[in-house]
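> Here is my input, please return the structure:
(one chain, ligands or ions: 1)
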Amino acid sequence: MRRTRTVASTENASDPAPGRPSSRPPSLQEPTEPTGPLPPKSDQQGAQPRTPTGAEPGREPSTTAQQGEFLTTSQGARLRDTDHSLKAGRRGPVLLQDHHLREKITHFDHERIPERVVHARGAAAHGVFEGYGTAEPVCRAGFLAKGVRTEVFTRFSTVVGSRGSMDTARDTRGFATKFYTEEGTFDLVGNNIPVFFIQDGMKFPDVVHAAKPHPDREIPQAQSAHDTFWDFVSLHTEAQHHTLWFMGDRGIPRSFRMMEGFGVHTFRLSNSDGETSLAKLHWKPALGVHSLTWEEAQLLGGADPDFHRRDLADAIESGAYPSWELGIQVFPDNAEQSFEGIDLLDPTKFVPEELAPVQPVGRLTLDRNPRNYFAETEQVAFNPGHLVPGIDVTDDPLLQVRLFSYVDTQLTRLGGPNFAQLPINRAHAPINDMLRDGYGQQGDHSGVAPYQPNSLDGGCPFLAGEMDGALEDLPVVVPESVKERALSATFEDHFSQARLFWRSMTPVERDHIVDAYSFELAKCYEATIRERQLQSLANIDGELCARVAAALGMTAPERTIPAEDGTDGAPVTSAPLSQLGARWPTDGRTIGIVVDPDGDNSALLALHDAVVAASMTPIVIAPRGGEVAGVPVGRTFGTAASAELDALLLAGNPLTAPDARPSVDPTAGAPSSGEVEPRVGTLIDDCWRHAKAMGAWGEGRTALAARTAPGGAGLVAGEDGRAVLSEIRTLLESHRVWERFPADA
Ligand code: HDD
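A predicted model of the protein is given here:
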C-alpha cells in the first residue's frame, strides 16, 4: 500500500497528474517526490545485523520513529505535503497562513531545553533492583525487603562538561538512581567518589563557577586543568581530598559499568520498631572498579567522545547487563553523629571499610536501554529529597542545601512545576496529591476541594497513619544552639583522609596521580596558584608534593600542618581504596581480532563465537571493510585504536606488509615485504604501551614478536586461537597487565 502522496499542483496546467511521471527534464524535477517506500539500501538487505552489537533491531511499532498510517499535524489533521511551504505562486513569497509550516518551525525552534547546570552530559538505562532483606534490622524501606523487585532508572554523568562534551574527561562521575518503589520514589543521587569538594552547599555555585570554562572565552571545556579550578581548590583546602580522588584513576573510568557509586552523605535509617541508625550507601560493581589510562582517555576524547555512552548501551544491547550490589555501612545514631573520630555530617570524609564493613542489601541490574534520549535521559529529574519511609536525611550542611536546589533547578530546566508528571519522573506508586494547575499540567483533576481537611469531596484523600506506611519525620533532637554562619570544628581536618587515600595506592596508581597533578598544574598560568596547590600537597604527603614539584620544575614547600596519622584508631592505609590486586569478571570486554582477509581464516567464525559465548564483544580488524569468513569487519586498520579495546588478538595470518601496500603513516616509510603491516604495528605498539593483554597464534606470532619485548608480560603465543583466547581472558580478569607500568617511572 502506498503511504505517500504527491503534491497536486493547481498552478501549472502542464504538470502531470499526481503520481504520474513528470515530463519535465530531470534537472527540473522535484527532488522529493517518492512514489512508494524506498527499497532497503544494499547494507540493509539480507540478514545483516543493523545494530552496533549485532542484536536484532526491534520490529515492534513502538521502536519505529512514527506510528500510524498518515503523517498528521499536532492536531491530527492528515498532511499532503511536509516539504514545501505554501507560497503565492511557485516562486512567490511564503504565506503566513501556512499553519503546518508555522507549527513545524515553531516547534523546532523550541526543541532544546537548558542543559543541567552541572552533570549536563550523561547516559542512562532502565533496570531492576532486588532487595536481599538483609537491611531489615536497620531499615524498614519496603524495596529492601527480601525478594522485592523494584523498577529503576539510573543516569551516569560527568560533572563539568556541557551536554556535547566528551565522555572521557578527567572528572567526577554522577551515579543517580531512581527507585520507583511501591512506597513512592526514592532517589539515590550519588557520585563515583565517596567524598565531596565542599562541606556546605552554600559554596556550590563557587566551586562550579571555578570548574566550568572561564567566562570570558568559554574555555576550557570539560576540564579541571585550568587556573580558576586550581585557584578554588587551593584556596578551599576542604576540596583537596575529593580532588585527589579524581586526580587518581577514578577520574577516568574505563566504563560506567566499572565504577563504584556512593551516596556520599550519611543518611538516617529507621526500622519497623522506630529505632534509628546512621548509614552510608555504596554501590559495588560486579565487574570491579577499573580505569582508562590518561593517554587512552585523551585519545578517546577525539576518536570516540561517546565512549562511555556507547559502552553502556552496547553492553546492555548485547545482554551483558551491568550490575551493582547496594551496600550499607551502619553506625550508631549517637548525639555527636560521629564514628571513630570521623564526623559523619562532614561530606569530605568517608569511613574506611576496615572500620565499618559494607553490608550488601540488594542488587541493581541495568537491562534496558532508553528508547528516547530526550524523553528519558534528558528529562529525568532526580532529587535527594525523594525519600521513602525508613530512609531520612541528616543535618549534613551539603545535603541540606541540596534539598532545596534540585526542585528549584527543574523549574527552569523542565519549564515549570509539573515535571513530576513527565513519564520518566512519574512515581509508580499511586499519586494522590493536591498540587494543581501550573505550566505543563497534564492532569484533569476532578472534585472541588483540593485542600485538607475538606468536607466537600468527602474529606478525601485521607492522611496516612503509621500503619499505612506514611513518611515519618523522625523525632531527632536539635541541640540548643545559636544561629550563626559557621562550621563545626570537627570539619577542620582537610588533609589526613587525603593522606590515607594517597598511602593506600599501589606504586602504579601513585604514578598516575603524580602525572595527573603534573599535567593539570602545568596548565595553570599563574605561578601563585601552582605554589599554593603544592603547599596543600605538602600537607597531604611529602613524597607526593616532591614528585609533582619536580615535574613542574618548582621547589617543594615544607608541610605547614602536622600530619596526624593513626590517631583515633584511623587506619594508615585502606585496602579497598586501591583498584588493583583482585580478579574480576570480564563480561562486556572488547576483544580486537586482527585478520588478513587473504590469509587462512577458517577458524575465525568459531573464535568470534567463542568471544561472544564468553560474554565479550569481538571486533574484527581488517585492512578493509566488509566481511571476513562470514564475520563482519568492525574496524579497518585505519580506524582501529588500542584505547577502544581491552585486549588484542593477532589471528594466524602473516600480517606483513606487501611491498605495494601504501602506508597511511608518512613517518613509517615504505614497508618492505616481511615487515609488520605499519598500522597493525602501531596498534600493537599502542596496546603494549596501554598495558593490554595481547595474544597471537600461527603466523600472527611473528608480528607480535616483531613489535614487543621478548618474554614481555601479558603476551600469549600459541598454536590455537581458542586456547590463546582462554589465557587472554584470564589476564583480563586483572583489567590490565600492570607489570608493564614501571613502578617508579
Ligand atoms: Fe548535585 C545534579 C550528585 C551536591 C545541585 N548532582 C546532580 C547529579 C548528580 C549529583 C549525580 C545529576 C543527576 C542527573 O543525572 O540528573 N550533587 C551530587 C552529589 C553531591 C552534589 C553526589 C554531593 C554529595 N548538587 C550538590 C550541591 C548542589 C547540587 C551541594 C547545590 C547546592 N546537582 C545540583 C543541581 C543538579 C545536580 C544543580 C543539576 C541538574 C539537576 O540537579 O537536576 O540541582
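
> With adjacent residues omitted, what lies nearest to the residue in the chain that the ligand sits nearest to?
Relative to the ligand, the nearest point of the chain is Gly174 (2.7 Å; C-beta to the nearest ligand atom). All C-beta atoms are positioned from the backbone trio N, CA, C, and that covers glycine. Leaving aside its sequence neighbours, Gly174 sits nearest to Ser157 (C-beta to C-beta, 6 or more residues apart in numbering; 3.7 Å).

> which other helices and strands contact the host helix or strand of that neighbour?
Secondary-structure assignment from DSSP states H and E places Ser157 in strand 149-158. On a contact count with 3 or more C-beta pairs under 8 Å, 6 or more residues apart in numbering; DSSP states H and E, strand 149-158 meets strand 122-131, strand 173-181, strand 359-368.

> Tell me the strands beside it, with direction?
strand 122-131 (antiparallel), strand 173-181 (antiparallel) (DSSP bridges).

> anything in that strand sitting right up against the ligand?
Yes. On the criterion C-beta under 6 Å from any ligand atom, strand 149-158 is in touch with the ligand at 155, 157.

> List the residues that contact Ser481.
If a contact means C-beta atoms under 8 Å, 6 or more residues apart in numbering, then Ser481 has no contacts.

> what does the average pLDDT come to for stretch 295-310?
Mean pLDDT, computed over stretch 295-310, is 96.

> To clarify, my last question referred to stretch 469-486.
90.

> Can you show me the CA trace of that stretch as CSV?
Presented in CSV, the C-alpha positions along stretch 469-486 are these (Å, rounded to 0.1, in the frame of the first residue of the first chain):
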residue,chain,number,x,y,z
GLY,A,469,3.3,3.3,55.5
ALA,A,470,3.4,7.1,55.9
LEU,A,471,6.6,9.0,55.6
GLU,A,472,7.8,9.9,59.1
ASP,A,473,9.6,12.9,60.4
LEU,A,474,11.9,11.2,62.8
PRO,A,475,12.0,12.8,66.2
VAL,A,476,15.6,14.0,66.0
VAL,A,477,16.8,16.1,68.9
VAL,A,478,18.1,19.5,67.7
PRO,A,479,20.8,20.6,70.2
GLU,A,480,20.3,24.0,71.8
SER,A,481,22.4,26.4,69.7
VAL,A,482,22.6,29.9,68.3
LYS,A,483,22.1,30.9,64.7
GLU,A,484,25.5,31.5,63.1
ARG,A,485,27.3,31.2,59.7
ALA,A,486,30.0,28.8,60.7
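
> Contact partners for Ser224?
By C-beta under 8 Å, 6+ apart, the neighbours of Ser224 are 160, 170-171, 211, 230, 243, 246, 520.

> Would you mind giving these as CSV with neighbour count added?
Shown next, in CSV, are the contacts of Ser224 (neighbours: other C-beta atoms under 10 Å):
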residue, neighbour count
Val160, 23
Arg170, 25
Asp171, 24
Ala211, 24
Trp230, 26
Thr243, 28
Phe246, 22
Glu520, 21
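
> Take the residues you listed and lay them out in JSON lines including secondary structure, distance to Leu500 and pLDDT.
As requested, the contacts of Ser224 are exported to JSON lines (DSSP: H, G, I helix; E, B strand; the rest coil; distance: C-beta to C-beta, whole Å; pLDDT from 0 to 100):
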{"residue": "Val160", "secondary structure": "coil", "distance to Leu500": "26", "pLDDT": "98"}
{"residue": "Arg170", "secondary structure": "coil", "distance to Leu500": "22", "pLDDT": "98"}
{"residue": "Asp171", "secondary structure": "coil", "distance to Leu500": "23", "pLDDT": "98"}
{"residue": "Ala211", "secondary structure": "helix", "distance to Leu500": "24", "pLDDT": "98"}
{"residue": "Trp230", "secondary structure": "helix", "distance to Leu500": "22", "pLDDT": "98"}
{"residue": "Thr243", "secondary structure": "helix", "distance to Leu500": "15", "pLDDT": "98"}
{"residue": "Phe246", "secondary structure": "helix", "distance to Leu500": "16", "pLDDT": "97"}
{"residue": "Glu520", "secondary structure": "helix", "distance to Leu500": "22", "pLDDT": "98"}
